[in-house]
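Asker: model this:
(one chain, ligands or ions: 2)
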Amino acid sequence: MPKLIDCVAAVSFDLDGTIIDTAPDLGAAANMMLVMLGGRPLPDERIPGLIGAGIDEFVKKVLQQAGVTPDAPMLEMASMLFRDLYGQRVFQRSRIYPNVVMTLHTLRTAGLTLCCVTNKERKFAQPLLELAGLSGFFNALLCPDRPEDRKPSPSLLYSACSQAEVEPIDMLLVGDSRADIQAAHAAGCRVVAVDYGYHRDQPLEELRPDAIVSNVSEIMELSVRPRSGTRALRAIP
Ligand SMILES: O=C(O)COP(=O)(O)O
Ligand SMILES: [Mg+2]
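Answerer: Ligands and ions are numbered 1, 2, ... in the order given. Next up is the predicted model:
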């Protein structure tokens, strides 16, 4: 059986919860924001489940978890404060997940085009990848310029395919959330989910990703077998 990785020409990686564990810095900025607003910090373990739909949504959930239901002006002020605090520490406590560097290196060396497709704003995603030493691996970084472009919209993946000059079926997305799987299906891309990200409480199996792995390096070992229908190949872990 052929390997999945030999059946695609490009691979897109989600950022938060897939290649970098950003929860420590997001949590630190969130807790500084709460304290500055007169609240109490949240326990670290509450942070990962709040990440995934962009900063405004993250800040809203942080405030709600802290017992505050923010009105629009308060949310705007808190989001500004958070952006300022997070911008000062995007890669202080955050860590690259195991085998990510080796996997990106191997895929690039094999001639695949690599994209980073994230709901994170570019002004944080770009310096984060640079400080982590990962930006050089990626041919393109796709971030939502408009809220409606966020995954689960296929919009960013369409842009990634266009920049990589590949058809959607020749693009594999690796991500940690339901939004990643839904975006890939909507775009017609293949998708592998990682099980260690920020959405461990959300069942990923029922959305039928092509495979679920516990380490990004496993994507290089997945096999595929022919299948009828438009999604002609399916990975077998
Ligand atoms: O910043 C977020 O909200 C999520 O980012 P991600 O799409 O890289 O997981
Ligand atoms: Mg993610």
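Asker: who in this protein is up against ligand 1?
Answerer: Residues of the chain lying near ligand 1 by Cβ under 6 Å from any ligand atom: 14-17, 51-54, 58, 118-120, 151. The C-beta positions use only the backbone N, C-alpha and C, and glycine is treated the same way.
Asker: Give me the buried positions along the longest helix belonging to the chain.
Answerer: Ranked by number of residues, the top helix in the chain under DSSP state H is helix 72-87. By 16 or more other Cβ atoms under 10 Å, the buried positions in helix 72-87 come out as 75, 78-79, 81-83, 85-86.
Asker: In a markdown table, list those residues along with distance to R93 and pLDDT.
Answerer: Below are these laid out as a markdown table (distance: Cβ to Cβ, whole Å; pLDDT from 0 to 100):
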| residue | distance to R93 | pLDDT |
| --- | --- | --- |
| L75 | 25 | 95 |
| A78 | 21 | 97 |
| S79 | 21 | 97 |
| L81 | 19 | 98 |
| F82 | 16 | 98 |
| R83 | 18 | 98 |
| L85 | 13 | 98 |
| Y86 | 12 | 98 |
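Asker: between the residues you listed, which is nearest ligand 2?
Answerer: Y86 (15.9 Å; Cβ to the ion).
Asker: and the closest residue to that closest one other than its chain neighbours, what helix or strand is that in?
Answerer: Of all residues not flanking Y86 in the chain, A29 sits nearest, at 3.9 Å (Cβ to Cβ, 6 or more residues apart in numbering). Assigned by DSSP states H and E, A29 belongs to helix 23-36.
Asker: Which strand or helix spans the residue nearest to R190 when sequence neighbours are not counted?
Answerer: Among residues not flanking R190 along the chain, L172 sits closest, at 4.5 Å (Cβ to Cβ, 6+ apart). Using DSSP H and E, L172 sits in strand 171-175.
Asker: and that strand with ligand 2, contact?
Answerer: No: contact of strand 171-175 with ligand 2 (Cβ under 5 Å from the ion) is absent, the minimum separation being 5.8 Å.
Asker: sorry, back to before: compute the inter-axis angle for the longest helix of the chain and helix 23-36.
Answerer: Between helix 72-87 and helix 23-36, the angle comes out at 130 degrees (axes from the mean of the first three to the mean of the last three Cα atoms, to 10 degrees).
Asker: Who are the packing partners of the following helix or strand past helix 72-87?
Answerer: Later in the chain than helix 72-87, the nearest helix or strand by DSSP H and E is strand 95-96. Packing partners of strand 95-96 (3 or more Cβ pairs under 8 Å, 6 or more residues apart in numbering; DSSP states H and E): strand 20-21.
Asker: Quick check: which helices or strands does the strand it packs on pack against?
Answerer: Against strand 20-21 (3+ Cβ pairs under 8 Å, 6+ apart) you get strand 95-96.
Asker: Name the surrounding residues that touch the strand it packs on.
Answerer: Contact with strand 95-96 is made by 19-21, 24, 132, 134, as judged by Cβ atoms under 8 Å, 6 or more residues apart in numbering.
Asker: Distance-wise, check the residue in the chain sticking out farthest from the centre relative to A186.
Answerer: In the chain, G38 marks the outermost C-alpha relative to the chain mean, sitting 31.2 Å out by Cα atoms, centre = their mean. According to Cβ to Cβ, to the nearest Å, G38 and A186 sit 42 Å apart.
Asker: and which of the residues of the chain next to ligand 1 is nearest L142?
Answerer: Nearest to L142 among the residues of the chain next to ligand 1 is T118, at 7.2 Å by Cβ to Cβ.
Asker: Distance of the closest one relative to N31?
Answerer: 23 Å.
Asker: Much appreciated, bye for now.
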